[in-house]
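A.B. asks: sequence isn't available, so here's the structure alone:
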């Protein structure tokens, strides 16, 4: 067994949270890296081992690891396992790791009524007038559901 293997990751998954389990796991590993609990070059447990420890499907861990590999936090090599990217300091300089953050709440509600598009973000009055006119008269046509014959 390798001496730099991180056997016990201090992560817990909340099954009552709306956030998917792979995202929760990825967020927590990202936070451990950001706090310096996991350092560049540290070896992570195998997907099977961590899945067993957390009592989740192996796919949950694989999805989280793949997400972190895609972001550059982890490196996975066949036969060598998964480790914190040794070049992490160059990819994510100090202070730029993604922190856990609350979801963004929008201050206004958007009406989702069919046939009534939201034009509040259109600043030009003439554009809004044209949009309203086009929405009021959709111009229903009897076209072939397969499209124009010339384009088939």
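C.D. replies: Here it is on my side, so go on. Source: prediction; values computed, not measured.
A.B. asks: would you point out which residue is most central in this structure?
C.D. replies: In the chain, the centroid-proximal residue (CA atoms, centre = their mean) is residue 23; its distance is 6.9 Å.
A.B. asks: and the next element down the chain from the helix or strand containing it?
C.D. replies: In this assignment (DSSP states H and E), residue 23 forms part of helix 21-35. With elements assigned by DSSP H and E, the helix or strand that comes after helix 21-35 is helix 47-54.
A.B. asks: buried sites along the next helix or strand after that next one?
C.D. replies: Where DSSP H and E defines the elements, the next helix or strand beyond helix 47-54 is helix 58-71. The neighbour-count check on helix 58-71 (16 or more other CB atoms under 10 Å) flags 60-68 as buried. Any C-beta I mention is one placed from the backbone N, CA and C, and that applies to glycine too.
A.B. asks: worst-scoring helix or strand of this structure, pLDDT-wise?
C.D. replies: In the chain, no helix or strand scores lower on mean pLDDT, DSSP states H and E than helix 88-91, which sits at a mean of 67.
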